[in-house]
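Visitor: I would like the atomic coordinates for the input below:
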Amino acid sequence: MKHRLFLLDLDDTLLDFQASEREAFARLLRALGHEAPLEAMYRDYQAINQSLWRQFEQGAVSKDALKVQRFQATFALHAPGLDAVQASEHYLDMLAETAVLIDGAAALCEALAALGEVGVITNGVERIQTRRIEAAGLARFMSFVATSEACGHAKPDPRFFQDAVAKARHFDRAHTVIIGDRLDADILGAQRFGIDSCWFNPQGLPGTPDIRPSCEVRRLDAVVPALRGLSRPDAA
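Guide: Numbers count the residues shown, from 1 in each chain. You can find the predicted model right below:
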């Protein structure tokens, strides 16, 4: 195995974000006393939230604005009487307590920690992501957590990755790999930063000609074998 520094994306790579998000959203509405059916509101919230995150990654909206605007826009459609600022504060606490592991995540972290240094790289909110890692039982495998909130830049910006590797005990481009589920954030970020990448693609989504992962897997238990394959002299 040539890699010694493993940079792991968190949401939808190690933790099932959709399951965690839906549970936290339902708890939030109950806490706010909103009893209307969840599905339509949650579906709109997801679309609004994803759009705002894309804007954040492009530098078009701040993290603080994103946290509140997603609820302002959702409540404008479904529950105008609810307070978006209050909802944002409660939701982050509820999300921090909710961590649903993707199959094989703990075993992967344990295996990689035995091979080198493991760090989490995430565009999420620092205090929330740190608490979710702890709630999932993964903190013992992690050397550091790098967040866009602390850095001031988001994946795939190379400045985010420069900040992340600065937290590592030792960094060598040739011995570093990113493992993540998003081509446009994790894999493109690795490509721009000049390091290897492993695309976790459980749904078998099509790739793009301009973003090329070093390897691709459908299951987390295939990550270590795939990385070992990159270590062979004849690997592409």
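Visitor: quick one, what contacts Arg164?
Guide: Rather than Arg, residue 164 is Ala. Leu7, Gly119, Ile121, Phe144, Ala146, Cys151 (Cβ atoms under 8 Å, 6 or more residues apart in numbering). Just so you know, the C-beta spots here come from the backbone N, C-alpha and C atoms, and that holds for glycine as well.
Visitor: again, 7 Å this time
Guide: Leu7, Gly119, Ile121, Ala146 (Cβ atoms under 7 Å, 6 or more residues apart in numbering).
Visitor: and the chain, what are its domains?
Guide: Structural domains annotated on the chain: 5-16+101-231, 17-96, as defined by automatic domain parsing.
Visitor: pick the most buried one from the ones you listed.
Guide: Most buried of those, by mean neighbour count (mean count of other Cβ atoms under 10 Å): domain 5-16+101-231, with a mean of 19.
Visitor: for that domain, how far is the first residue from the last?
Guide: One end of domain 5-16+101-231 sits 14 Å from the other (Cα to Cα, to the nearest Å).
Visitor: quick one: the strands in this protein, in order.
Guide: Along the chain, the stretches classed as strands by DSSP state E are 5-9, 117-122, 144-147, 176-180, 196-200, 215-217.
Visitor: looking at these, which is closest to Lys67?
Guide: strand 144-147 (13.8 Å; Cβ to Cβ).
Visitor: residue contacts, the nearest residue to Leu188 once chain neighbours are set aside?
Guide: The shortest distance from Leu188 to any residue other than its chain neighbours is 4.3 Å, reached at Pro156 (Cβ to Cβ, 6 or more residues apart in numbering). Contact analysis of Pro156 by Cβ under 7 Å, 6+ apart lists Asp184, Ala185, Leu188, Gly189, Arg192.
Visitor: same question for Phe171.
Guide: Counted by Cβ under 7 Å, 6+ apart, Phe171 has contacts Leu5, Val165.
Visitor: can you tell me how far it is from Gln162?
Guide: 10 Å (Cβ to Cβ, to the nearest Å).
Visitor: mean pLDDT and distance to Arg54 added to the strands of the chain, as JSON lines?
Guide: Shown next, in JSON lines, are the strands of the chain (pLDDT from 0 to 100; distance: least, Cβ to Cβ, whole Å):
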{"stretch": "strand 5-9", "mean pLDDT": "98", "distance to Arg54": "16"}
{"stretch": "strand 117-122", "mean pLDDT": "97", "distance to Arg54": "16"}
{"stretch": "strand 144-147", "mean pLDDT": "96", "distance to Arg54": "18"}
{"stretch": "strand 176-180", "mean pLDDT": "98", "distance to Arg54": "16"}
{"stretch": "strand 196-200", "mean pLDDT": "98", "distance to Arg54": "19"}
{"stretch": "strand 215-217", "mean pLDDT": "98", "distance to Arg54": "23"}
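Visitor: quick one: mean pLDDT over the helix ranked longest in the chain.
Guide: Determined from DSSP state H, the single longest helix within the chain is helix 38-57. On average, the pLDDT along helix 38-57 is 92.
Visitor: what's it in contact with?
Guide: Looking at what lies outside helix 38-57 - Cβ under 7 Å, 6+ apart - the contacts are 22, 25-26, 29, 61, 63, 66, 69-70, 73-74, 77-78, 123, 154-155, 185.
Visitor: repeat for stretch 174-191
Guide: Against stretch 174-191 from outside (Cβ under 7 Å, 6+ apart): 2-9, 12-13, 57, 123, 155-156, 160-161, 165, 195-201, 207-208, 211-213, 223, 227.
Visitor: how far out from the middle of the chain is it?
Guide: 12 Å (Cα atoms, centre = their mean, to the nearest Å).
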